[in-house]
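[1] pasting the structure only:
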């Protein structure tokens, strides 16, 4: 379907709109929508839009006409001659008046169109746009009902700031227009105040007024200019019909960043906020969640956005403390989140903000006070904020206020948060949906984060308080506590210990002593006990004598599938942090772990974690002990794998094979007798046994190597099985490093056979690891070289057959080539390596649509080009084929590649300029002489300028990247548009 002339396009439009709205065929709908989108931006849209707005048309057609007008005005403003501005404005006013009593959706679109027109014309062509709008609609019009005109005006005034927020005005114009709109609020706010105060104003008019005010305050209107309307909005909170809209208006008004400049107005807002407390209490008592939620939003908005400014007013500390207590009430609102209430979560960020401000204030005050005492000056430390900041003028007595007032508040907050974190009764929790349970879990995580921030304020005193409460709870036999209370206190301790260093806390030994006394009769409590022990694993490493107090609990929990995640992750943490103190317990840990693995009570991911834990544990044993434990641990799996290797491949035994291979690879990931990853002090390392003989992992791998080959022979066509096999060796190589050396020859041979049969990414990735670690060692160079040449040869054949179906293989291959150039450039001297073919494959890869593949190809050339001088074959290939590389790079910059890749293309240009300057100067001149290359949007002068800039810059890579970004915008026709704002 093609667009016709304006006289003939209307029937086509009506037909397309009918298809869009009424045709049941989805394909016809999509075609109609595509055609209509083209019609909206066509030159004819200026004319047919008005025809579609005739009153005899249905609202759907009228809406399309109004939307087309808005699109033309907002996106194609420059198409309108200046002498037609007034005519267009007049037409829009006329149609808005006509639709004031008509379809609301059409009215809104027309208002948006007029708003866009006003934003484009102001201030030069329409200096008093808003005042004119108000005057126009206030004029008597016998044809339109006064109430309808009022609603139309309010709709127009509401969408005007909204259209400004989403407009495509250039940045300099946005600032200009924002300033004009802020001044024009003098024409809007008196009208809004009048409408709110009129006794006979119906509810729907007041609701529109509040929405209009809410829209305008987001233009950063000075808070003092909004004061009367904010007070009116507070009054409207008593009207259930207006409540939600009034909340939105108040919150938007006091949440503006600029509002903190108007401290006196903020102080005036505290009493009306506090005046909502009775309404809040009644809402909570009656279970009115919407009302309590709205009032809480207002209190939090004032406290969270302006805590710094309000804390500064120490003479008003009582009113701000009252606001803090009101928010505390909201935090502790009765009921369980999210089933009985959804309000308390709103307050958590406030407590973080308040903690940050009070902690900062008290710290700076303390520093200033100390400096005054030491130097007798009124100055503050050099690291303090500017002397202009109000905080630096605080008197020492203000510090006392902060300490005396807010420390008790935070202790109270801890009690409230731990109460809110408590689980409901088992019976009630059983009725919760999975979604509600997940929301509650996230809510508890937020509480955990808040407790961590509170610790910043209260320090070790908080841990002591939690410990004392837990101790009293567990030792009070007269009043037995609920498990929920115990769990919440432990959760509080765990929240802090997980992120804060508690190694020097004097209450941790007592806590470790209390944990075995906890009567665990509930899964949630048991989970928290496990996680608490896990959070103390670093402390246990420094106090190994206490390990025996908690390890039996962890091993016992391993047998409970409901505690799978908590028990396994805790054991893993203990084995990682305390492995040098675990040999006495090793046999027991291995036996229990082996038992639960054999029973298959844990999910796959937890089984993998458990094997990692055992790897950490075994790493600290003598080689003989490691081999003995490995034998008992993995023999059952080897036997099972042997049986599976003899079976005919099917989905069931595939999963079993992948599971066993995964267990082995996770075990070998952490089993490191050389302790490459240890960061222990030298005194701790000295106590490690001196290892003799081959690495146990290598011994095991050599024993099972033939079995793995047997498995591969049947599963070579399955990418998942091949990936699992490669993962065993890749993780072992990464962990063992040089200790893996005995396995290199046979692994290279196996990889070659695998890749020759069916090329797969996992095989290339493992080859890359081997090149990275062993290629530079003379003893291992021959097998590495043979493998590298074979992988290259097979991949080049793949390119000849068509590589587009294998972007992942091309990506990994390019990374392999780059790694080879980094670690062992001599690989490119091999006579069997077709450097020219490799180069051409790289050029072809630059044209792939997949960004990761292009990025990897750029990395290859960035490594290759600096070798032009030292590796003769590379130099020759670049001399003969470098122009094709430049051509591909310029095509990408010209628009063929994603803009996110421009830095990588720039690095190739920089390398060419640095290492092949004379050739580049010729190639780039020849390339840029092609008509329409690299884009038809750039002129010969722009191409010449870019070429000269690139050739001149051989030192500053960052500058070359900027040049490329600038040039690609020109090539894409995006230079100077809003799409480049963050580029």
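    Nice, I can see it. Not measured: the values here are computed from a predicted model.
[2] for residue 410, give its distance to residue 831.
    If you measure residue 410 against residue 831 using CB to CB, to the nearest Å, the figure is 74 Å. Every C-beta, even on glycine, is put in place using the N, C-alpha and C of the backbone.
[3] if you count surrounding residues, which of those two has more?
    residue 410 (19 against 7; other CB atoms under 10 Å).
[4] now do the contacts for the more buried one.
    Contact analysis of residue 410 by CB atoms under 8 Å, 6 or more residues apart in numbering lists 355, 454, 457, 458.
[5] quick one: the first one and residue 452 touch, right?
    So the one you mean is residue 355. No - between residue 355 and residue 452 there is no contact under CB atoms under 8 Å: 10.1 Å.
[6] need the next SSE after the least confident helix or strand in the chain by mean pLDDT, C-terminal direction.
    Sorting the helices and strands of the chain by mean pLDDT, DSSP states H and E puts helix 682-685 at the bottom, at a mean of 37. As assigned by DSSP states H and E, the chain's next helix or strand after helix 682-685 is helix 696-715.
[7] buried residues, that following helix. List them.
    696-698, 700-701, 704, 708-712, 714-715 (16 or more other CB atoms under 10 Å).
[8] which helix or strand lies directly C-terminal to that helix?
    Next along from helix 696-715, by DSSP H and E: helix 719-736.
[9] run through the neighbouring helices and strands of that following helix.
    Under the contact definition 3 or more CB pairs under 8 Å, 6 or more residues apart in numbering; DSSP states H and E, helix 719-736 sits against helix 651-670, helix 696-715, helix 761-774.
[10] can you count the residues close to residue 234?
    Residue 234 is flanked by 19 other residues according to other CB under 10 Å.
[11] mind checking how far it is from residue 327?
    Taking CB to CB, one finds residue 234 at 17 Å from residue 327.
[12] residue 524 now?
    In terms of CB to CB, residue 524 sits 28 Å off from residue 327.
[13] mind checking which of the helices and strands packed on helix 719-736 is nearest residue 638?
    helix 696-715 (6.0 Å; CB to CB).
[14] list the helices and strands the closest one packs on?
    So helix 696-715, by 3+ CB pairs under 8 Å, 6+ apart, packs with helix 623-646, helix 651-670, helix 719-736, helix 744-757.
[15] could you redo the last one with a cut-off of 7 Å?
    Applying 3 or more CB pairs under 7 Å, 6 or more residues apart in numbering; DSSP states H and E, one finds that helix 696-715 contacts helix 623-646, helix 719-736, helix 744-757.
[16] tell me which element residue 816 falls in.
    helix 807-823.
[17] and the contacts of that helix?
    759, 761, 764-765, 767-768, 771-772, 775-776, 788, 791, 795, 798, 803, 827-828, 838, 842, 845, 848, 850, 852-853, 856-857, 859-860, 863-864, 867 (CB atoms under 7 Å, 6 or more residues apart in numbering).
[18] and stretch 865-874, by the same measure?
    821, 825, 828, 829, 835, 864, 875, 878, 911, 912, 915, 916.
[19] run the last query once more with 8 Å
    821, 825, 828-829, 833, 835, 864, 875, 878, 908, 911-912, 914-916.
[20] picking up where we left off before, quick one, the helix or strand following the helix holding residue 816 and helix 807-823 angle?
    Using DSSP H and E, the next helix or strand after helix 807-823 towards the C-terminus is helix 835-845. Angle between the axes of helix 835-845 and helix 807-823 is 130 degrees (criterion: axes from the mean of the first three to the mean of the last three CA atoms, to 10 degrees).
[21] and the helix or strand following helix 835-845, what does it pack onto?
    Later in the chain than helix 835-845, the nearest helix or strand by DSSP H and E is helix 851-864. Under the contact criterion of 3+ CB pairs under 8 Å, 6+ apart, helix 851-864 touches helix 807-823, helix 835-845, helix 872-891, helix 902-915.
[22] among these, which is nearest residue 583?
    Using CB to CB, the helices and strands packed on helix 851-864 put helix 807-823 closest to residue 583, at 37.9 Å.
[23] between the contacts of stretch 865-874, which is closest to residue 76?
    Within the contacts of stretch 865-874, the smallest distance to residue 76 is 38.6 Å, found for residue 908 (CB to CB).
[24] which residues touch that closest one?
    Taking CB under 8 Å, 6+ apart as the test, what residue 908 contacts is 858, 861, 862, 865, 885, 889.
[25] among those residues, who's most crowded?
    Within the contacts of residue 908, neighbour counts (other CB under 10 Å) peak at residue 861, which reaches 28 neighbours.
[26] pLDDT score assigned to that one?
    pLDDT for residue 861: 96.
[27] and residue 453, by the same measure?
    At residue 453, the pLDDT value in this model is 89.
[28] now do residue 977
    At residue 977, pLDDT is 53.
[29] now tabulate the contacts of residue 908 in a markdown table and tack on distance to residue 333.
    Shown next, in a markdown table, are the contacts of residue 908 (distance: CB to CB, whole Å):
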| residue | distance to residue 333 |
| --- | --- |
| 858 | 56 |
| 861 | 62 |
| 862 | 58 |
| 865 | 65 |
| 885 | 66 |
| 889 | 61 |
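[30] out of those, which is nearest to residue 895?
    Nearest to residue 895 among the contacts of residue 908, counting by CB to CB, is residue 889 at 12.7 Å.
[31] what's the spacing between that closest one and residue 817?
    Residue 889 is 17 Å from residue 817, by CB to CB.
[32] and for residue 275?
    72 Å.
[33] about what we covered before: so which of the contacts of stretch 865-874 comes closest to residue 179?
    Nearest member of these to residue 179, counting by CB to CB, is residue 908, at 45.8 Å.
[34] neighbours around residue 462, how many?
    21.
[35] just the element for it, please.
    With DSSP H and E as the criterion, residue 462 is inside helix 460-475.
[36] now do that helix, average pLDDT.
    Rounded mean pLDDT across helix 460-475 is 92.
[37] what does that helix contact?
    Around helix 460-475, the neighbours that count as contacts under CB under 8 Å, 6+ apart are 411, 414, 454-455, 458, 481, 485-486, 489-490, 492-493, 496, 502, 505-507, 510-511, 514, 517-518.
[38] after it, which helix or strand is next? Please name it.
    Next in sequence after helix 460-475, counting helices and strands by DSSP H and E, comes helix 483-497.
[39] now for that next one, which elements pack on it?
    On a contact count with 3+ CB pairs under 8 Å, 6+ apart, helix 483-497 meets helix 396-420, helix 434-458, helix 460-475, helix 523-535.
[40] which one of those lies nearest to residue 82?
    Per CB to CB, nearest to residue 82 of the helices and strands packed on helix 483-497: helix 434-458, 55.5 Å.
[41] filter the contacts of helix 460-475 to the buried ones?
    Buried among the contacts of helix 460-475 by 16+ other CB under 10 Å: 411, 414, 454-455, 458, 486, 489-490, 492-493, 496, 502, 505, 507, 511, 514, 518.
[42] which parts of stretch 405-423 are buried?
    Buried, per 16+ other CB under 10 Å, within stretch 405-423: 405-406, 409-411, 413-414, 416-418, 420-423.
[43] list the residues that contact the residue nearest to residue 901 when sequence neighbours are not counted.
    In space, and not counting its chain neighbours, residue 901 is closest to residue 854: 5.4 Å by CB to CB, 6 or more residues apart in numbering. Residue 854 is in contact with 845, 846, 847, 848, 892, 897, 898, 901, 904, counting by CB under 8 Å, 6+ apart.
[44] can we see that at 10 Å?
    807, 810-811, 814, 845-848, 888, 892, 896-898, 900-901, 904-905 (CB atoms under 10 Å, 6 or more residues apart in numbering).
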